[in-house]
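*Asks:* Give the three-dimensional model of this entry:
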Amino acid sequence: MADLSTQVRTSPRILALEDAAHRRRPPHAGGAAPSPSVEQLVRTMHTVKAARFNAAERLERKQLVSVVALSVVSLYFVGLSVWQAVYAASLSDAANRLITLVSIMSSICTMVLALIESMNDYKIKAHHMHTCALEVNDLLQELRLADTRDPAIVQDIRRRYNEIVRSCPFNHARIDYLMTRRSRWEEKLAIRLRYAAGVYGLYALCLAGPPLALLLLR
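*Replies:* This next block holds a predicted model:
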C-alpha cells in the first residue's frame, strides 16, 4: 500500500503516453484493421482502466483529507474545552455560551467524520480500484498484441475482462468516468468543480464551521 499513492498520482501521465503510443501503432501487425467489435472492446477496456485509476486517486485523497479533518476537528473540541475550563472565571456568560455552542458543533463534526470514516474504508476501496485497473491494463496490452482476426482469442479476452470487472467488489463513480472524457473547457471546469466538491466539500465545511461560528457570533 505504500506505493499506491505514487502509482496513482502518475497514472494520468502514463495514460496519456499510452494513448499517444496507441495512436502511432498500426491497427494490427498483419495490416488488417480490427473489427468494430474489437475496437469497441478496446475503448471499453481503456475507459474502465482510466476510470478506476481515477477512482483510486480520488479515494486516496478522501482518505488523507478525512484523517486530517478528523484530527483537526478533534483538536477544536479539546482546545475549546480546555480554554473554557482554564479561563472560566474571566469569561462572560455570552462567551461561555458561545464556546459551549462551538464545542458542541465540533463534537458533532467529529462524530459525523468518524462515522463516515468507519463506513467508507477509502484505503481498501482504493486498493481494489487500483488492482482492477492494473489487471485491465495488462489485458488491454495483451489484446493489442493478439491476433484479433481470431474470434476465439477475442472471445477469451472478453471473458477474462468481464471476470476482472466482476471480481472487483466496488465500482467507480460517475465522476471518475467523466474525468476520462475529452470535453470543452467549460465542461471540464464543471467536472473539476464537482470532483473537488465531492472530495473536499464536507471536510472543508467541518474544518471551517467552528472557527467561522466563533468569529461571526462573538
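*Asks:* what comes up buried for the helix or strand where Leu207 lies?
*Replies:* Leu207 belongs to helix 185-217 when assigned by DSSP states H and E. Within helix 185-217, the residues that count as buried by 16 or more other Cβ atoms under 10 Å are 195, 199, 202-203, 206-207, 209-210, 214. (Each C-beta comes from the backbone N, C-alpha and C, glycine too.)
*Asks:* just how off-centre is it within its chain?
*Replies:* How far helix 185-217 lies from its chain's middle: 16 Å, per Cα atoms, centre = their mean, to the nearest Å.
*Asks:* could we number from 32 for the rest of this?
*Replies:* All right, first residue 32 from here; so that's helix 216-248.
*Asks:* by contact count, what packs against that helix?
*Replies:* For helix 216-248, the packing partners by 3 or more Cβ pairs under 8 Å, 6 or more residues apart in numbering; DSSP states H and E come out as helix 67-117, helix 124-150, helix 205-209.
*Asks:* how about these in JSON lines, adding mean pLDDT and mean neighbour count?
*Replies:* What follows is the helices and strands packed on helix 216-248, written out as JSON lines (pLDDT from 0 to 100; neighbours: other Cβ atoms under 10 Å):
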{"stretch": "helix 67-117", "mean pLDDT": "92", "mean neighbour count": "18"}
{"stretch": "helix 124-150", "mean pLDDT": "87", "mean neighbour count": "15"}
{"stretch": "helix 205-209", "mean pLDDT": "94", "mean neighbour count": "17"}
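*Asks:* And the ones you listed: which comes nearest Ala164?
*Replies:* Closest to Ala164 of the helices and strands packed on helix 216-248, according to Cβ to Cβ: helix 67-117, at 3.9 Å.
*Asks:* helices or strands up against that closest one?
*Replies:* Partner elements for helix 67-117 (3+ Cβ pairs under 8 Å, 6+ apart): helix 35-40, helix 42-55, helix 124-150, helix 153-176, helix 182-198, helix 205-209, helix 216-248.
*Asks:* can you do 6 Å?
*Replies:* Counting contacts by 3 or more Cβ pairs under 6 Å, 6 or more residues apart in numbering; DSSP states H and E, helix 67-117 packs against helix 35-40, helix 124-150, helix 153-176, helix 205-209, helix 216-248.
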